[in-house]
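J.: Give the three-dimensional model of this entry:
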Amino acid sequence: MNRPCSLLNVDSKMEIAESTTEEAVASPRTTPVEKKAKQDAWDRCVCDYINPVVDKVRRRPLFQKVIIANTTLIVIGAVMGLYLEKRYFDQGAVGFVGLFVFSGLALSILVNYVLVRLAFRPLDDVAEAMKAIRAGHRGIRVPEVTDDPQMEELSKSLNAMLNSLDSQRKRAAASVIQAQEEERKRIARELHDETSQSLTSLIIGIRMVQEVIPDTMPDLRERLKAINEQAHETLNEVHNMAIRLRPSVLDDLGLSAALRSYVKEFIANTGIAVNLQLIAVNERLSAELETVLYRVVQEALTNVARHASARKCQVTLRRKESSILGIIEDDGRGFSPQRVMMSEDQGRGLGLHGMKERIELVGGSLEFESRPEEGTTIMLEVPLLIKEGIL
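T.: Okay, the predicted model is just below:
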């Protein structure tokens with residue numbers, strides 16, 4: 001009886017082996033590489049379908065995004081509500097259903113908050129850009145938005161308006177500064193040629209009168225002496241005024257000689273120690289650039305004398321291959337540049353704005369670094385200029 005059983009087992013094993021072989025032939029085993037390729041193909045298919053939908057939703061206006069999000073939440077909530085009602089509400093699991101309702105409300109509030117916050121974030125960027133422009137950073141522009149067509153149009157229009165205003169402002173400022181320099185030249189020339197000559201003639205006349213006054217009239221001689229001294233002081237003041245308006249040495253000898261002369265006069269008048277370093281700036285620059293640098297240094301030192309209460313000041317100009325670098329620093333009481341330049345007080349900060357305006361008109365940049373009681377540092381860089389324009 002044992003033998004038939006063994007034959008039966010052998011036959012069964014052969015049938016199992018044959019069926020296994022047939023299945024192996026019919027459905028060969030998938031390798032890991034093939035599985036990964038199938039998964040990648042599926043992911044690409046899903047991405048190709050989902051990405052356009054997501055992009056379309058992102059390009060929708062804010063109110064449409066809110067409607068789409070809330071509609072989706074309502075549909076999901078309705079479906080889940082029906083399911084939970086059949087599954088739990090009939091069994092008395094009211095607490096679970098209430099938890100679901102509360103979670104749905106919380107999710108709806110969260111989604112709306114995120115959507116609105118993201119939608120209004122460009123407005124925060126606009127506010128920051130306007131604040132920076134008001135503080136003197138006129139090259140700042142609003143980041144362009146691509147997620148919302150309305151915000152995108154707003155950012156493009158605002159940047160176009162800022163570019164137009166900046167261009168008009170530069171042209172107007174250039175005309176004003178040019179007219180100002182021409183008027184300075186005219187007044188300085190009249191002071192030198194007419195007023196100074198008249199005062200010189202007056203002094204000569206006083207001396208001639210002094211020579212004919214007899215010694216028996218000492219009071220008259222003293223009065224004429226006082227008038228003569230006052231005339232000399234007036235002549236010196238007119239001379240200094242003409243130099244401040246438009247130093248002839250700037251036109252005749254260039255920036256280096258003009259700055260050395262001005263710093264020497266500044267030290268004599270204020271008592272503030274100024275260390276002037278001009279590195280590779282001996283060669284003549286364009287007339288426009290020399291005027292800009294001279295006026296900026298002049299305004300900076302004037303501010304030091306008026307407001308800084310400084311004991312010493314360092315002025316450095318260095319010529320590089322294609323630009324001029326400048327640093328003006330003092331050990332005074334310092335200030336808040338942003339607060340001064342954004343001040344509503346009429347007239348306050350005009351000097352700082354004027355310095356920045358002049359530098360930007362020749363394609364340069366100027367920055368202020370200062371804190372109360374920590375001194376002030378002014379850093380500037382301007383490209384070298386030729387008659388045709390900026391190098």
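J.: right, and Arg141 touches Leu162 too?
T.: Yes - counting by C-beta atoms under 8 Å, Arg141 does reach Leu162; the two are 6.2 Å apart. In this view, the C-beta of every residue, glycine as well, is placed from N, C-alpha and C.
J.: Hmm, Val249 and Ser261 touching each other?
T.: Yes - between Ser261 and Val249 there is a contact at 5.5 Å, judged by C-beta under 8 Å.
J.: any idea of the pLDDT on Ala258?
T.: Here the pLDDT value assigned to Ala258 is 91.
J.: ok, now which ones touch it?
T.: For Ala258, the contact set (C-beta atoms under 8 Å, 6 or more residues apart in numbering) comprises Pro247, Val249, Leu250, Glu290, Tyr294.
J.: Same check on Gly77?
T.: Residues in contact with Gly77 (C-beta under 8 Å, 6+ apart) are Gly104.
J.: May I ask which helix or strand encompasses it?
T.: helix 62-87 (DSSP states H and E).
J.: just Gln230 next, same as before
T.: Here Gln230 is assigned to helix 218-245, by DSSP H and E.
J.: what's downstream of that helix, the next helix or strand?
T.: helix 248-252.
J.: Quick one: name whatever helix or strand follows that next one.
T.: Helix 248-252 is succeeded, C-terminally, by helix 255-270 (DSSP H and E).
J.: Enumerate the positions of that next one that are buried.
T.: Residues of helix 255-270 classed as buried: Leu255, Ser256, Ala258, Leu259, Tyr262, Val263, Phe266, Thr270 (neighbour count, 16 or more other C-beta atoms under 10 Å).
J.: Need these in CSV (columns: distance to Arg221).
T.: Converted to CSV, the buried residues of helix 255-270 look like this (distance: C-beta to C-beta, whole Å):
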residue, distance to Arg221
Leu255, 47
Ser256, 47
Ala258, 42
Leu259, 44
Tyr262, 39
Val263, 41
Phe266, 38
Thr270, 36
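J.: closest to Leu325 among those residues?
T.: Among the buried residues of helix 255-270, Leu255 lies closest to Leu325 (C-beta to C-beta), at 14.1 Å.
J.: which residues touch the closest one?
T.: Each residue near Leu255 by C-beta under 8 Å, 6+ apart is listed here: Val281, Arg284, Leu285, Glu290, Leu293, Tyr294.
J.: hmm, who's touching stretch 224-238?
T.: Outside stretch 224-238, the residues touching it (C-beta under 8 Å, 6+ apart) are Leu191, Thr195, Ser196, Leu199, Thr200, Leu202, Ile203, Ile206, Arg207, Val209, Gln210, Ile213.
J.: what do you get if the cut-off is 6 Å, keeping everything else the same?
T.: Contacting residues not belonging to stretch 224-238 are listed as Leu191, Thr195, Ser196, Leu199, Leu202, Ile203, Ile206, Gln210 [C-beta atoms under 6 Å, 6 or more residues apart in numbering].
J.: ditto for stretch 330-346
T.: Residues from elsewhere that reach stretch 330-346, judged by C-beta under 6 Å, 6+ apart: 134-136, 304, 308-313, 349, 352, 368, 370-376.
J.: swap the cut-off to 7 Å and go again
T.: 134-136, 304, 308-313, 348-349, 352-353, 368, 370-376 (C-beta atoms under 7 Å, 6 or more residues apart in numbering).
J.: Now a ChimeraX select for only the buried ones of those.
T.: Those of the contacts of stretch 330-346 that count as buried under 16+ other C-beta under 10 Å are selected in ChimeraX with:
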select :135,136,304,308,310,313,349,352,368,370,375,376
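J.: Please narrow the contacts of stretch 330-346 to those residing in helices.
T.: Arg134, Leu352, His353 (DSSP state H).
J.: Grab the nearest non-local neighbour of the second one.
T.: Spatially, and ignoring its direct neighbours in sequence, Leu352 is nearest to Met341 (5.6 Å; C-beta to C-beta, 6 or more residues apart in numbering).
J.: measure the one you found to Met130 for me?
T.: 14 Å (C-beta to C-beta, to the nearest Å).
J.: What of Ser167?
T.: For Ser167, the distance to Met130 equals 18 Å [C-beta to C-beta].
J.: same question, Ser196
T.: To Met130, Ser196 is 50 Å away according to C-beta to C-beta.
J.: Between the two, which has more neighbouring residues?
T.: Ser196 (17 against 14; other C-beta atoms under 10 Å).
J.: quick one: what helix or strand has the more buried one in it?
T.: Applying DSSP H and E, one finds Ser196 within helix 196-212.
J.: Now do that helix against helix 218-245, angle only.
T.: Comparing the axes of helix 196-212 and helix 218-245 via axes from the mean of the first three to the mean of the last three C-alpha atoms, to 10 degrees yields an angle of 160 degrees.
J.: Stretch 369-377: how far from the chain's middle?
T.: The chain centroid and the centroid of stretch 369-377 are separated by 19 Å, computed with C-alpha atoms, centre = their mean, to the nearest Å.
J.: contacts for it?
T.: With C-beta under 7 Å, 6+ apart as the criterion, stretch 369-377 contacts Ala308, Ile327, Glu329, Asp330, Asp331, Gly332, Arg333, Gly334, Phe335, Ser336, Pro337, Phe368.
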